[in-house]
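*Asks:* please work out how this folds:
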Amino acid sequence: MSSPFLAVMKSSPALTAPGTPVAPIATGRLVSLDALRGFDMFWIMSGEHIIHALAKATGWPVLLWMSSQLHHVDWNGCTFYDMIFPLFLFIAGVSMPYSLQGKLKRAGLDSAEQLSFAAKKPIYQSMLRRTLILIFLGMVVNGLFAFKGYEQTRFASVLGRIGLAWLGAGIIFLNTSTRGQIGAAVLILLGYWATLMWIPVPGFGAGVLTPEGSLPSYIDRLFLPGKLHRTVYDPEGLFSTIPAVATALLGMLTGTLLKDTRRSMNQKTLAMLGLGVSLILLGLLWDQIFPINKRLWTSSFTVYVGGWSLVFLAVFYYIIDVQGFQKWAFPFVLIGTNSILIYLASDGIVNFAHTAHFLFDGFSQFFTLPWQPVIQALAVTAVQLSLLYVLYRNKLFLKI
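*Replies:* Numbers count the residues shown, from 1 in each chain. Now for the predicted structure:
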């Protein structure tokens, strides 16, 4: 029985939770998922600082464009940086069918919905425990231990949303067929669209998609305890978590596709690419009447970013798992196999910048001023990857 809180296991990690590694790189088994998770986390871990510094030092148009993509949009619209969070949630969803494959095989069943309630009960308990842990860790990242009091404590968080959305999608996954999961995702997205457009907010009316006047913002102000991140709304609030369930469901459906032995790996790649491009176009079309908006996690945003998530996974899957080119992705695998740990550490728990300055400040003095921030950003990444490499070599993975 695993610990009810956190366990650091000295073994190959199981496929059982958001951010849990799929397989070590040596196994050749869906290495692409770990690599994509690591690629996703790299940008918020330290990659963004490297690009910002390089753009400032060189002034090259391509780097300036990349730097502009590593900022959130103020409200409507979407940059690459806005995709990082939903891509991680999508990847967590992909892992779900793999986490159940052993249990299903032992029971001689084809799908999770065929499991008895007795067989599902420990799965529910495990999922709920992980969700509560992620909510708690999210509050820790928000500064829980500063003890500023209830009114100044932010309860909503990125990790909390991952836990809640993954839990909601997992319950649907365990109790419906593939067709039912598709139907549930469609119903969630259409229902969310209808409620935001048709339910009036006191003082604003219906269909007002502004920070103050949107229905999710109003619900946050009424029911979300503690402090709101943006005063009048919270980007990880209560109501806007509902469409995030569809993001996780899309990942679970993708995981089911990848496990389908009736399709070749090339067919799976083409299926992901085709569906991904279709969803991107659908999201852009929907954007004309229901704006793409990460803060509200609008249905058009869910579809649009879900499409890009499929495209990213298709590319990584084809290069790494189909063609077998794995060595280039090893740094991303280091990050991906301990993604929750490095997220927590990089978000203030560990001061990697201090260590990097201590080790590399002297070296950076050999460079002119515009390039010193580049060296410092690379140094932070080197320190982070060194820690992750030691953990990987010793098979130490944070399991939630």
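
*Asks:* CA only for contacts and neighbour counts going forward, please
*Replies:* Noted.

*Asks:* and I292, how many neighbours?
*Replies:* I292: 26 surrounding residues under other C-alpha atoms under 10 Å.

*Asks:* how close does it get to Y124?
*Replies:* As judged by C-alpha to C-alpha, to the nearest Å, I292 and Y124 stand 33 Å apart.

*Asks:* ok, L196 next?
*Replies:* L196 is 31 Å from Y124, by C-alpha to C-alpha.

*Asks:* what do you get for S214?
*Replies:* 33 Å.

*Asks:* so what are the domain limits for the chain?
*Replies:* 1-71+326-400, 81-324 (automatic domain parsing).

*Asks:* adding mean pLDDT, write those domains out as a markdown table.
*Replies:* Shown next, in a markdown table, are the domains of the chain (pLDDT from 0 to 100):
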| stretch | mean pLDDT |
| --- | --- |
| domain 1-71+326-400 | 81 |
| domain 81-324 | 94 |
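
*Asks:* so how far is L33 from L70?
*Replies:* Applying C-alpha to C-alpha, the value for L70 to L33 is 22 Å.

*Asks:* which one's more surrounded, these two?
*Replies:* L33 (25 against 20).

*Asks:* just say helix, strand or coil for that one.
*Replies:* helix (DSSP: H, G, I helix; E, B strand; the rest coil).

*Asks:* check which helix or strand the residue most central in space within the chain maps to.
*Replies:* The chain has F88 as the residue nearest its centroid, 1.8 Å off, counting by C-alpha atoms, centre = their mean. Taking DSSP states H and E as the definition, one finds F88 inside helix 80-99.

*Asks:* if we can go back for a sec, neighbour count: L196 and Y124, which is higher?
*Replies:* Of the pair L196 and Y124, L196 is the one with more neighbours under other C-alpha under 10 Å, namely 20 against 16.

*Asks:* ok, the residue lying closest to V245 once chain neighbours are set aside - how many residues close by?
*Replies:* Closest residue to V245 apart from its sequence neighbours, by C-alpha to C-alpha, 6 or more residues apart in numbering: A165 at 4.4 Å. Neighbouring residues of A165 were enumerated by other C-alpha under 10 Å; the total is 23.

*Asks:* ditto for the one 3 residues further on
*Replies:* Close neighbours of G168, defined as other C-alpha under 10 Å, add up to 19.

*Asks:* buried set for the helix or strand harbouring it?
*Replies:* Element membership for G168 (DSSP H and E) is helix 158-175. Applying a neighbour-count criterion of 16 or more other C-alpha atoms under 10 Å, one finds 158-170, 172-175 buried in helix 158-175.

*Asks:* now do stretch 202-211
*Replies:* By neighbour count with 16+ other C-alpha under 10 Å, stretch 202-211 contains the buried residues A206, G207, V208, L209, P211.

*Asks:* show residues contacting the longest helix along the chain.
*Replies:* For the chain, the longest helix by residue count, based on DSSP state H, is helix 117-141. Residues outside helix 117-141 that contact it (C-alpha atoms under 8 Å, 6 or more residues apart in numbering) are 4-5, 17, 153-164, 167, 170-171, 174, 344, 347-349, 400.

*Asks:* stretch 342-350 too?
*Replies:* For stretch 342-350, contacts defined as C-alpha under 8 Å, 6+ apart pick out M41, M45, V141, I335, N351, F352, Q384.

*Asks:* at 6 Å what do you get?
*Replies:* Outside stretch 342-350, the residues that touch it by C-alpha atoms under 6 Å, 6 or more residues apart in numbering are M45.

*Asks:* in which helix or strand does L398 reside?
*Replies:* Using DSSP H and E, L398 sits in strand 396-399.

*Asks:* and that strand, what does it pack onto?
*Replies:* strand 7-10 (3 or more C-alpha pairs under 6 Å, 6 or more residues apart in numbering; DSSP states H and E).

*Asks:* related to what we said a few turns ago, how about the next helix or strand along the chain from the helix holding G168: buried residues?
*Replies:* Next along the chain after helix 158-175, taking DSSP H and E as the criterion, comes helix 178-198. When neighbours are counted by 16+ other C-alpha under 10 Å, the buried residues of helix 178-198 are found to be T178, Q181, I182, A184, A185, I188, L189, Y192, W193, L196, M197.

*Asks:* possible to save those residues as a markdown table with distance to W60?
*Replies:* Converted to a markdown table, the buried residues of helix 178-198 look like this (distance: C-alpha to C-alpha, whole Å):
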| residue | distance to W60 |
| --- | --- |
| T178 | 47 |
| Q181 | 45 |
| I182 | 44 |
| A184 | 46 |
| A185 | 42 |
| I188 | 43 |
| L189 | 40 |
| Y192 | 42 |
| W193 | 40 |
| L196 | 42 |
| M197 | 43 |
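
*Asks:* max pairwise distance over those: which two?
*Replies:* Greatest spatial distance in the buried residues of helix 178-198: T178 and M197, 28.9 Å, computed using C-alpha to C-alpha.

*Asks:* helix or strand for the closest residue to F360 other than its chain neighbours, which one?
*Replies:* Leaving aside its sequence neighbours, F360 sits nearest to A379 (C-alpha to C-alpha, 6+ apart; 6.6 Å). If you go by DSSP H and E, A379 is part of helix 372-393.

*Asks:* do the same with P243
*Replies:* helix 242-259.

*Asks:* residues of stretch 220-233 that come out buried?
*Replies:* Those buried within stretch 220-233 under the rule 16+ other C-alpha under 10 Å are D220, R221, L224, K227, L228, H229, Y233.
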